[in-house]
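Undergrad: fold the following, please.
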Amino acid sequence: MTFRIPIGDWSGRGHRFGEQFTASAEGDISRVREAYFAAKEKLPEELHPENICSDYEDDSIDVALREKVLSLSSIALGEDDGSYVMPYDLAAYIVWFIDQGDPSLNVMLDEAHPELNFIGLDEKGRHIGSLGYGLFS
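TA: Residues are numbered from 1 along each chain as shown. Below is the predicted model:
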């Protein structure tokens with residue numbers, strides 16, 4: 001079964017910005033949710049995904065927490081100094097977290113796909129600008 005992991009404003013009622021990541025599991029969504037809740041019971045509150053980068057404009061992680069996450073999961077959230085957490089890395093951490101609640105689900109995050117847009121110019125001096133930027137203003 002596949003399911004989505006929304007990072008950011010999942011309901012569209014706040015700042016309305018976010019990314020969706022696709023994951024798969026060897027079980028239905030109710031089992032995945034139960035595994036998430038089981039992991040919340042098992043692991044310290046500071047490791048709960050809902051407590052990482054959870055406030056408006058909170059895009060980094062404390063260095064000590066980053067090191068703790070890295071030692072448990074081998075997932076690097078943020079740079080060495082704890083700066084900016086990438087959405088894909090947080091999604092990968094959430095997959096790891098769910099597996100702590102029920103490893104038999106074998107939750108897997110789909111690989112990140114390259115984006116059409118890019119910063120700067122390509123080798124031929126071309127650029128692809130923002131697409132639909134006004135849709136989120």
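Undergrad: how many neighbours does Arg33 have?
TA: Arg33: 13 surrounding residues under other CB atoms under 10 Å. All C-beta atoms are positioned from the backbone trio N, CA, C, and that covers glycine.
Undergrad: report how many residues lie close to Phe37.
TA: Phe37: 11 surrounding residues under other CB under 10 Å.
Undergrad: please list the outside residues in contact with the strand or helix carrying it.
TA: Using DSSP states H and E, Phe37 falls within helix 29-42. Helix 29-42 is contacted by residues 1, 3, 25, 27, 48, 97-102, 105, 107 when judged by CB atoms under 8 Å, 6 or more residues apart in numbering.
Undergrad: quick one: least confident of those?
TA: Lowest pLDDT among the contacts of helix 29-42: Met1, with 92.
Undergrad: and the helix holding Phe37, average pLDDT?
TA: In the prediction, helix 29-42 has an average pLDDT of 97.
Undergrad: and if you look at stretch 69-88?
TA: Mean predicted confidence for stretch 69-88 is 87.
Undergrad: mind listing what's buried in it?
TA: Residues Val69, Ser73, Ile75, Ala76, Leu77, Gly78, Gly82, Val85, Met86, Pro87 are the ones in stretch 69-88 that count as buried (16 or more other CB atoms under 10 Å).
Undergrad: repeat for stretch 57-69
TA: For stretch 57-69, a neighbour-count test (16+ other CB under 10 Å) marks Ser60, Ile61, Leu65, Arg66, Val69 as buried.
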